[in-house]
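Please work out how this folds:
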Amino acid sequence: MALEHKLEAALFYKGEPESRRVLAKLLGVSMDEFDEVVVRLGNSLENRGIRLLKVEDQLELVTAPETSEVVTAMRKEELVRDLGKAGSETLAVVLYRGPVSRADIDYIRGVNSAFILRNLQVRGLVKRIQNPSNARSFLYEATPELLKHLGIATVGELPNYEETLKELRSFEDEKDVQHEGDESALPSTTSI
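Numbering: from 1, shown residues only. Got it, this is the predicted structure:
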């Protein structure tokens, strides 16, 4: 498989910006070789519905500007649709454990949450912030609008906050113990 296809798959799976260095390491190529792969991928996406966005040292797949009509229509439809079980689960993890990384959300839920997080961001329920302990990753937290909608000022006012947080941490500890002896405990790449 061509390296540009592997890069495209990695960026699609990630669903958010990733640094060039991390991606080059993932592909096992030098930075010069990686830059050539980026150019090839950018060229192959040029007349398609998605584009390769380069901002400083970060790369991300985004929708092409000329697709804005269809994307806007889909976004409007998403905003009126019910959150569903997956959205509610993800929102609960962000509320009770936030700020939390996508990897931790995926770990707790057992599935890839990239699409759900994007949907929650579009609705203005969660926001992505820079991870203070790792500049190459992001954390997710509830927006002030969500807290206002719930009628609370802080997440600590959520129902049974301390008990639920304790249960979540206990669940994570149990999964960690299971994971040590069972590789099948890793989250699935299937998105709900």
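
what's the least confident helix or strand in this protein, going by average pLDDT?
helix 68-80 (a mean of 74; mean pLDDT, DSSP states H and E).

helix or strand right after that one?
Sequence order places helix 84-97 as the next helix or strand after helix 68-80, per DSSP states H and E.

what's downstream of that following helix, the next helix or strand?
strand 100-101.

if I look at the spatially most central residue of the chain, how far off is Glu69?
Most central in the chain under CA atoms, centre = their mean is Ala114, positioned 3.7 Å from the mean C-alpha point. To Glu69, Ala114 is 24 Å away according to CB to CB, to the nearest Å. The C-beta positions use only the backbone N, C-alpha and C, and glycine is treated the same way.

per-residue confidence at the residue of the chain positioned farthest from its centre?
Farthest-out residue of the chain from its mean C-alpha position, per CA atoms, centre = their mean: Asp32, at 27.9 Å. For Asp32, the pLDDT comes out at 95.

my guess is it is in a strand, correct?
No: applying DSSP: H, G, I helix; E, B strand; the rest coil, one finds Asp32 to be helix, outside a strand.

please renumber so the chain begins at 8
With 8 as the first residue, the last one maps to Asp39.

would you list every one of the strands in the protein?
25-26, 57-62, 65-70, 107-108, 133-137, 145-149 (DSSP state E).

Give me the contacts around the last one.
Just to be clear, that refers to strand 145-149. 23, 101-102, 105-109, 112, 124, 132-138, 162 (CB atoms under 8 Å, 6 or more residues apart in numbering).

One more: the fifth one?
Counting by CB under 8 Å, 6+ apart, the neighbours of strand 133-137 from elsewhere in the structure are 23, 98, 101, 105-106, 124, 127-128, 145-150, 153.

tell me how far that strand is from the chain's mean position?
In terms of CA atoms, centre = their mean, to the nearest Å, the centre of strand 133-137 is set 10 Å apart from its chain centre.

Mind listing the strands it pairs with, and their directions?
strand 145-149 (antiparallel) (DSSP bridges).

How far off centre is the strand it pairs with?
For strand 145-149, the distance to the chain centre is 10 Å (CA atoms, centre = their mean).

quick one: that strand to helix 91-104, angle?
100 degrees (axes from the mean of the first three to the mean of the last three CA atoms, to 10 degrees).

any idea of the mean pLDDT for strand 145-149?
According to the model, strand 145-149 has a mean pLDDT of 94.

List the buried residues of it.
145-149 (16 or more other CB atoms under 10 Å).

List just the nearest of these to Glu67.
Phe145 (11.5 Å; CB to CB).

Any figure for the gap between that closest one and Val118?
In terms of CB to CB, Phe145 sits 19 Å off from Val118.

what residues does stretch 101-110 touch?
Under CB under 8 Å, 6+ apart, the answer for stretch 101-110 is 22-23, 100, 111-112, 115, 120-121, 124, 127, 133, 136, 138, 144-149, 153, 162, 165, 168, 171-172, 175.

ChimeraX command to pick out the buried ones of those residues?
Typed into ChimeraX, the next command selects the buried ones out of these (criterion: 16+ other CB under 10 Å):
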select :22,23,100,111,112,115,120,121,124,127,133,144,145,146,147,148,149,153,162,165,175
